[in-house]
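# Return a 3D structure for these sequence lines:
(2 chains)
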Protein chains: 2
Amino acid sequence: MTLRQAQDGADVLDRVRFDANGLLPAIIQEESTKDVLMLGYMDAEALRRTLTEGRVTFWSRSRREYWRKGDTSGHVQHVRGASLDCDGDTILVTVHQVGPACHTGAHACFDVDPLTPVLG
Amino acid sequence: MTLRQAQDGADVLDRVRFDANGLLPAIIQEESTKDVLMLGYMDAEALRRTLTEGRVTFWSRSRREYWRKGDTSGHVQHVRGASLDCDGDTILVTVHQVGPACHTGAHACFDVDPLTPVLG
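Numbering: from 1, shown residues only, chains lettered A, B, ... in the order given. The predicted structure follows:
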(Lines give C-alpha, C1' and ligand atoms only; values in the text may rest on other atoms or scores of the structure.)
Protein backbone atom coordinates (compact mmCIF):
# COMPACT_ATOMS: atom_id res chain seq x y z
CA MET A 1 0.00 0.00 0.00
CA THR A 2 1.27 3.46 -0.84
CA LEU A 3 1.21 6.37 1.53
CA ARG A 4 -1.24 8.09 -0.77
CA GLN A 5 -3.63 5.15 -0.54
CA ALA A 6 -3.22 5.00 3.25
CA GLN A 7 -4.29 8.63 3.45
CA ASP A 8 -7.35 8.43 1.20
CA GLY A 9 -5.66 10.45 -1.48
CA ALA A 10 -4.40 13.29 0.67
CA ASP A 11 -0.67 13.59 0.36
CA VAL A 12 0.68 13.80 3.87
CA LEU A 13 4.19 14.42 2.64
CA ASP A 14 3.06 17.68 1.04
CA ARG A 15 1.97 18.95 4.45
CA VAL A 16 4.98 17.85 6.47
CA ARG A 17 7.67 20.40 7.16
CA PHE A 18 10.85 18.43 7.68
CA ASP A 19 13.72 20.24 9.40
CA ALA A 20 17.01 21.28 7.79
CA ASN A 21 18.25 17.70 8.17
CA GLY A 22 15.14 16.27 6.54
CA LEU A 23 13.77 14.98 9.84
CA LEU A 24 10.45 15.21 11.65
CA PRO A 25 10.27 14.79 15.44
CA ALA A 26 7.83 12.02 16.35
CA ILE A 27 6.26 11.91 19.80
CA ILE A 28 5.25 8.36 20.72
CA GLN A 29 2.32 8.06 23.12
CA GLU A 30 0.88 4.84 24.52
CA GLU A 31 -2.76 4.52 23.53
CA SER A 32 -3.99 2.72 26.66
CA THR A 33 -2.26 4.83 29.33
CA LYS A 34 -1.65 8.05 27.39
CA ASP A 35 1.93 7.94 28.73
CA VAL A 36 4.45 9.74 26.55
CA LEU A 37 6.95 6.97 25.85
CA MET A 38 9.70 8.58 23.80
CA LEU A 39 10.65 11.03 21.07
CA GLY A 40 12.24 9.79 17.85
CA TYR A 41 12.91 11.19 14.41
CA MET A 42 11.54 10.20 11.02
CA ASP A 43 12.69 11.11 7.56
CA ALA A 44 10.20 10.85 4.69
CA GLU A 45 10.83 7.15 4.21
CA ALA A 46 10.52 6.31 7.92
CA LEU A 47 7.28 8.29 8.00
CA ARG A 48 5.99 6.45 4.95
CA ARG A 49 6.80 3.09 6.53
CA THR A 50 5.24 4.08 9.86
CA LEU A 51 1.99 5.20 8.23
CA THR A 52 1.68 2.24 5.87
CA GLU A 53 3.15 -0.77 7.72
CA GLY A 54 1.46 -0.61 11.13
CA ARG A 55 4.81 -0.50 12.92
CA VAL A 56 6.79 2.53 14.06
CA THR A 57 10.01 3.11 12.14
CA PHE A 58 12.49 5.84 13.02
CA TRP A 59 15.61 7.22 11.42
CA SER A 60 18.42 6.68 13.89
CA ARG A 61 20.53 9.83 13.88
CA SER A 62 23.40 8.14 15.72
CA ARG A 63 23.54 4.97 13.64
CA ARG A 64 22.36 6.66 10.43
CA GLU A 65 20.00 3.85 9.53
CA TYR A 66 16.33 2.96 9.66
CA TRP A 67 15.26 1.58 12.98
CA ARG A 68 12.01 -0.33 13.12
CA LYS A 69 11.33 -0.27 16.82
CA GLY A 70 11.43 -3.74 18.34
CA ASP A 71 13.21 -5.59 15.54
CA THR A 72 16.13 -6.41 17.82
CA SER A 73 14.59 -5.87 21.28
CA GLY A 74 11.16 -7.32 20.59
CA HIS A 75 9.68 -4.15 22.08
CA VAL A 76 7.50 -3.42 19.09
CA GLN A 77 5.32 -0.34 18.68
CA HIS A 78 2.08 -1.07 16.85
CA VAL A 79 0.60 2.06 15.28
CA ARG A 80 -2.85 2.98 16.61
CA GLY A 81 -3.17 6.54 15.35
CA ALA A 82 -1.22 9.55 14.12
CA SER A 83 -1.64 13.28 13.66
CA LEU A 84 0.42 16.21 12.47
CA ASP A 85 0.49 19.39 14.47
CA CYS A 86 -0.89 22.72 13.31
CA ASP A 87 2.23 23.72 11.40
CA GLY A 88 3.16 20.26 10.17
CA ASP A 89 6.55 20.10 11.84
CA THR A 90 5.83 17.44 14.48
CA ILE A 91 3.93 14.17 14.44
CA LEU A 92 2.19 12.46 17.33
CA VAL A 93 1.91 8.69 16.96
CA THR A 94 -0.21 6.67 19.36
CA VAL A 95 0.87 3.06 19.79
CA HIS A 96 0.36 -0.24 21.47
CA GLN A 97 3.73 -0.77 23.14
CA VAL A 98 5.01 -4.31 23.61
CA GLY A 99 7.29 -4.42 26.66
CA PRO A 100 9.24 -1.38 27.81
CA ALA A 101 9.73 1.47 25.36
CA CYS A 102 13.09 2.54 26.80
CA HIS A 103 16.40 0.78 26.17
CA THR A 104 17.07 1.11 29.93
CA GLY A 105 14.15 -1.23 30.59
CA ALA A 106 11.97 1.58 31.89
CA HIS A 107 8.41 1.75 30.64
CA ALA A 108 9.00 5.20 29.14
CA CYS A 109 12.18 7.09 28.33
CA PHE A 110 10.89 9.91 30.54
CA ASP A 111 10.74 7.70 33.65
CA VAL A 112 14.47 7.79 34.24
CA ASP A 113 15.30 11.43 35.04
CA PRO A 114 12.46 13.25 36.82
CA LEU A 115 13.20 16.89 37.60
CA THR A 116 11.89 19.04 40.42
CA PRO A 117 10.71 22.27 38.80
CA VAL A 118 9.18 25.12 40.68
CA LEU A 119 5.44 24.55 40.23
CA GLY A 120 3.22 27.21 38.74
CA MET B 1 15.59 31.04 42.78
CA THR B 2 18.38 29.56 40.72
CA LEU B 3 18.08 26.45 38.62
CA ARG B 4 20.54 24.76 40.95
CA GLN B 5 18.34 25.49 43.94
CA ALA B 6 15.24 24.32 42.07
CA GLN B 7 16.96 21.00 41.42
CA ASP B 8 18.25 20.37 44.95
CA GLY B 9 21.84 20.85 43.85
CA ALA B 10 21.79 18.60 40.80
CA ASP B 11 22.75 20.57 37.75
CA VAL B 12 20.21 19.80 35.11
CA LEU B 13 22.06 21.75 32.49
CA ASP B 14 25.00 19.37 32.80
CA ARG B 15 22.75 16.50 31.76
CA VAL B 16 20.91 18.16 28.91
CA ARG B 17 22.16 17.50 25.40
CA PHE B 18 21.10 20.50 23.35
CA ASP B 19 21.11 20.06 19.58
CA ALA B 20 23.49 21.75 17.14
CA ASN B 21 21.37 24.90 17.37
CA GLY B 22 21.48 24.89 21.17
CA LEU B 23 17.87 23.79 21.45
CA LEU B 24 16.02 21.08 23.33
CA PRO B 25 12.64 19.80 22.09
CA ALA B 26 10.01 20.12 24.82
CA ILE B 27 6.89 17.96 24.74
CA ILE B 28 4.03 19.65 26.59
CA GLN B 29 1.47 17.30 28.13
CA GLU B 30 -1.67 18.32 30.01
CA GLU B 31 -1.58 16.95 33.54
CA SER B 32 -5.31 16.36 33.95
CA THR B 33 -6.10 14.70 30.60
CA LYS B 34 -2.62 13.44 29.63
CA ASP B 35 -3.26 14.96 26.19
CA VAL B 36 -0.11 15.90 24.31
CA LEU B 37 -0.70 19.58 23.63
CA MET B 38 2.29 20.71 21.57
CA LEU B 39 6.00 20.54 20.96
CA GLY B 40 8.18 23.59 21.46
CA TYR B 41 11.89 24.29 21.77
CA MET B 42 13.93 25.61 24.68
CA ASP B 43 17.43 26.93 24.81
CA ALA B 44 19.29 26.88 28.13
CA GLU B 45 17.74 30.15 29.26
CA ALA B 46 14.18 29.12 28.32
CA LEU B 47 14.74 25.85 30.17
CA ARG B 48 16.04 27.70 33.22
CA ARG B 49 13.01 29.98 33.22
CA THR B 50 10.60 27.08 32.75
CA LEU B 51 12.07 25.11 35.64
CA THR B 52 12.33 28.04 38.03
CA GLU B 53 9.37 30.33 37.27
CA GLY B 54 6.41 27.94 37.19
CA ARG B 55 5.48 29.01 33.65
CA VAL B 56 6.51 27.41 30.36
CA THR B 57 8.89 29.52 28.28
CA PHE B 58 10.03 28.53 24.79
CA TRP B 59 12.57 29.87 22.36
CA SER B 60 10.64 30.85 19.24
CA ARG B 61 12.70 29.70 16.27
CA SER B 62 10.66 31.79 13.82
CA ARG B 63 10.64 35.01 15.83
CA ARG B 64 14.05 34.39 17.44
CA GLU B 65 12.89 35.51 20.86
CA TYR B 66 11.77 34.09 24.16
CA TRP B 67 8.12 33.21 24.21
CA ARG B 68 6.47 32.76 27.60
CA LYS B 69 3.36 30.87 26.61
CA GLY B 70 0.23 32.89 27.28
CA ASP B 71 1.79 36.34 27.70
CA THR B 72 -0.13 37.65 24.69
CA SER B 73 -2.91 35.04 24.32
CA GLY B 74 -3.65 34.48 28.00
CA HIS B 75 -3.32 30.76 27.34
CA VAL B 76 -0.79 30.20 30.07
CA GLN B 77 0.93 26.89 30.80
CA HIS B 78 1.56 26.36 34.51
CA VAL B 79 4.35 23.87 35.14
CA ARG B 80 3.25 20.77 37.06
CA GLY B 81 6.21 18.46 36.44
CA ALA B 82 9.16 17.81 34.14
CA SER B 83 11.53 15.03 33.21
CA LEU B 84 14.41 14.48 30.85
CA ASP B 85 14.53 11.38 28.72
CA CYS B 86 17.12 8.64 29.01
CA ASP B 87 19.70 10.37 26.84
CA GLY B 88 18.95 13.93 27.93
CA ASP B 89 17.98 15.27 24.53
CA THR B 90 14.24 15.77 25.09
CA ILE B 91 12.20 17.15 27.98
CA LEU B 92 8.61 16.30 28.88
CA VAL B 93 6.80 19.06 30.75
CA THR B 94 3.41 18.43 32.31
CA VAL B 95 1.24 21.51 32.67
CA HIS B 96 -2.03 22.98 33.70
CA GLN B 97 -3.21 24.56 30.45
CA VAL B 98 -5.36 27.69 30.60
CA GLY B 99 -7.59 27.82 27.52
CA PRO B 100 -6.58 26.22 24.24
CA ALA B 101 -2.92 25.36 23.72
CA CYS B 102 -3.02 25.85 19.95
CA HIS B 103 -2.99 29.22 18.19
CA THR B 104 -5.81 27.87 15.96
CA GLY B 105 -8.07 27.72 19.00
CA ALA B 106 -7.89 23.93 19.15
CA HIS B 107 -7.31 22.36 22.53
CA ALA B 108 -4.09 20.72 21.29
CA CYS B 109 -1.91 21.41 18.26
CA PHE B 110 -2.36 17.73 17.30
CA ASP B 111 -6.14 18.06 17.03
CA VAL B 112 -6.04 19.81 13.66
CA ASP B 113 -4.56 17.28 11.23
CA PRO B 114 -5.44 13.67 12.10
CA LEU B 115 -3.97 11.09 9.73
CA THR B 116 -5.30 7.67 8.80
CA PRO B 117 -2.38 5.29 9.15
CA VAL B 118 -2.57 1.60 8.52
CA LEU B 119 -3.05 0.14 11.99
CA GLY B 120 -0.70 -2.46 13.40
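
# tell me the contacts of the residue nearest the centre of chain A?
The centroid of chain A falls nearest to A:Ala26 when counting by CA atoms, centre = their mean (4.0 Å). By CB atoms under 8 Å, 6 or more residues apart in numbering or on different chains, A:Ala26 lies in contact with A:Leu39, A:Gly40, A:Tyr41, A:Met42, A:Leu47, A:Thr50, A:Val56, A:Phe58, A:Thr90, A:Ile91, A:Leu92, A:Val93. Glycine gets a C-beta too; all of them are placed from N, C-alpha and C.

# So which residues of chain A form helices?
Taking DSSP state H as the criterion, chain A carries its helices at A:3-6, A:12-15, A:44-53.

# In a markdown table, list those along with mean neighbour count.
A markdown table is the format used below for these (neighbours: other CB atoms under 10 Å in any protein chain shown):
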| stretch | mean neighbour count |
| --- | --- |
| helix A:3-6 | 16 |
| helix A:12-15 | 14 |
| helix A:44-53 | 20 |
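
# which one of the ones you listed lies closest to B:Tyr66?
Counting by CB to CB, B:Tyr66 lies closest to helix A:12-15 out of the helices of chain A; the figure is 28.5 Å.

# List of residues touching the closest one?
Contacts of helix A:12-15 (CB under 8 Å, 6+ apart): A:Leu3, A:Ala44, A:Leu47, A:Arg48, A:Leu51, A:Leu84, A:Gly88, B:Asp113, B:Leu115.

# rewinding a little: quick one: the residue nearest to the centre of chain A from A:Leu92, how far?
8 Å (CB to CB, to the nearest Å).

# before we move on, back to that, could you dump the helices of chain A to JSON lines with mean pLDDT?
Below are the helices of chain A laid out as JSON lines (pLDDT from 0 to 100):
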{"stretch": "helix A:3-6", "mean pLDDT": "53"}
{"stretch": "helix A:12-15", "mean pLDDT": "89"}
{"stretch": "helix A:44-53", "mean pLDDT": "96"}
